[in-house]
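Novice: With the input below, show me the fold.
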Amino acid sequence: MSLFAFLSYAHADDDEGLVTFFVKQLQAEIRKQMGLRDFVIYQDRDQLAWGQSWKRQIDESVDS
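Specialist: Numbering: from 1, shown residues only. Okay, the predicted model is just below:
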């Protein structure tokens, strides 16, 4: 079973890598607690541009 999640956050909050660290820790804990092999949290690291279709970008990233 594979599960996916999306994390919405302000990129300025990840200047020191704290959000990225949190995502990795959360993924590991959910895998452990639920006995999952795959659990992915989508974290946009490249920043979606103003006016860009964020829904399509997220859907494509999760699908891949």
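
Novice: and the helix or strand in which Lys24 is found, how far from the chain's centre?
Specialist: According to DSSP states H and E, Lys24 maps onto helix 18-34. Put simply, helix 18-34 sits 10 Å off its chain's centre (CA atoms, centre = their mean, to the nearest Å).

Novice: name the helices or strands packed onto it?
Specialist: Helix 18-34 sits against strand 38-42, with contacts defined as 3 or more CB pairs under 8 Å, 6 or more residues apart in numbering; DSSP states H and E. In this view, the C-beta of every residue, glycine as well, is placed from N, C-alpha and C.

Novice: now the angle between strand 38-42 and the helix or strand bottoming out on mean pLDDT in the chain, please.
Specialist: When each helix and strand of the chain is scored by mean pLDDT, DSSP states H and E, helix 54-63 comes last, with a mean of 73. Compare the direction of helix 54-63 with that of strand 38-42 by axes from the mean of the first three to the mean of the last three CA atoms, to 10 degrees and you get 160 degrees.

Novice: Nothing else from me, thank you.
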